[in-house]
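Trainee: sequence plus predicted model, see below.
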Amino acid sequence: MVIATDEGLVVVDGTCRGEGDPAWLKQELALRYEVPVRYVILSHDHEDHICGLQVFDDTAVTISHANAREHILRENRNTSIPDVVFDERMEFFVGGKQFILYYFGPTHSDNLIQIHVPDEGVLIAPDISRAGKSLVMPDFRDADIDNLIETLGILSKLDDVDIVIPGHWGTTTQDRFLDYRDYVVALRDRVLEEMINGASIDEILERVTMEDYSDYGNFDLWFRSNVISMWDKMYRYREPNVNSEGAGEYQSAYPLGYTIGGYESGAQ
Ligand SMILES: [Zn+2]
């Protein structure tokens with residue numbers, strides 16, 4: 001995403017997938033605009049969102065959440081290392097336009113932020129929204145489920161938002177935050193209920209079908225990995241009663257080998 005102002009450009013995220021990488025973007029922006037890229041904002045540390053952005057280091061200040069910088073350094077991400085970090089909220093102005101960066105706590109990763117440009121009515125919200133009613137992510141690997149649910153509600157109510165930009169595909173609106181929230185709440189509650197009744201992950205995969213959400217985008221592609229990683233989250237969240245049926249077997253049988261990757265192609 002690129003926001004143009006009279007005094008400079010602001011780039012949010014970039015990708016090295018395909019030919020439209022940041023090196024290409026830099027050439028295109030130099031052809032089209034008289035002003036330099038002043039700021040690069042990293043939505044979070046995942047490399048598919050920030051790859052190659054160091055090409056703007058000659059003119060831009062790079063901003064991220066404080067936690068993102070730690071992940072970027074530890075994982076040696078192929079990106080620009082943030083110069084400026086913040087914790088809860090940050091604002092700056094370029095060419096008279098206001099940019100507000102939000103962090104509502106850990107959601108999809110512990111450093112995902114949203115970028116709001118109220119003058120444009122735009123909220124950039126990668127990996128916490130998708131175009132249309134949709135599963136948003138393949139899994140909940142580094143997610144905080146309860147705060148994700150909370151944050152989806154907050155994002156749905158922000159003022160001065162006409163367009164939500166999910167980052168991966170197309171544009172959407174704030175209503176979709178609530179559609180996704182409904183799905184995550186239902187999935188969490190249904191998986192948890194089965195676990196309390198002593199169901200194994202195999203039984204949960206059979207029983208928690210979520211057919212009432214099967215019209216959501218990316219359902220066929222990501223539903224199985226959503227169930228497995230939700231089960232994994234709840235496994236770590238709760239302690240079963242010692243004497244309940246199946247509890248002993250349950251506690252000793254953490255089934256490894258449930259691959260939650262391999263879901264990249266075909267997503268929208
Ligand atoms: Zn991500």
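Mentor: It's in.
Trainee: so M230, which state does it fall into?
Mentor: helix (DSSP: H, G, I helix; E, B strand; the rest coil).
Trainee: just S64 next, same as before
Mentor: Quick answer, by three-state DSSP: S64 is strand.
Trainee: who does the helix or strand harbouring L9 touch, helix- and strand-wise?
Mentor: Secondary structure assignment for L9, by DSSP states H and E: strand 8-12. Counting contacts by 3 or more CB pairs under 8 Å, 6 or more residues apart in numbering; DSSP states H and E, strand 8-12 is packed against strand 2-5, helix 22-32, strand 37-41. For glycine as for every other residue, the C-beta is placed from the backbone atoms N, C-alpha and C.
Trainee: packed most tightly, which of the ones you listed would that be?
Mentor: A comparison of the helices and strands packed on strand 8-12 by mean neighbour count, using mean count of other CB atoms under 10 Å, puts strand 37-41 on top with a mean of 23.
Trainee: how about the helices and strands packed on strand 8-12, which one is nearest D160?
Mentor: strand 2-5 (14.5 Å; CB to CB).
Trainee: pairing partners for the closest one, with directions?
Mentor: strand 8-12 (antiparallel) (DSSP bridges).
Trainee: ok, and what's touching the strand it pairs with?
Mentor: Strand 8-12 is contacted by residues 1-3, 22, 25, 29, 33, 35-41, 43, 53, 56, 60, 94-95, 99, 115, 124 when judged by CB atoms under 8 Å, 6 or more residues apart in numbering.
Trainee: returning to that earlier point: can you show me the CA trace of the strand holding L9 as PDB?
Mentor: Only the C-alpha atoms of strand 8-12 are listed here, as PDB (Å, rounded to 0.1, in the frame of the first residue of the first chain):
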ATOM      1  CA  GLY A   8       6.300  12.500   0.700                       C
ATOM      2  CA  LEU A   9       5.100   8.900   0.300                       C
ATOM      3  CA  VAL A  10       4.200   6.400   2.900                       C
ATOM      4  CA  VAL A  11       4.700   2.700   2.100                       C
ATOM      5  CA  VAL A  12       2.900   0.000   4.100                       C
END
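Trainee: give me the distance between the two termini of stretch 47-65.
Mentor: 15 Å (CA to CA, to the nearest Å).
Trainee: list the contacts of V40.
Mentor: Neighbour list for V40: 10-12, 53, 56, 60-63, 80 [criterion: CB under 8 Å, 6+ apart].
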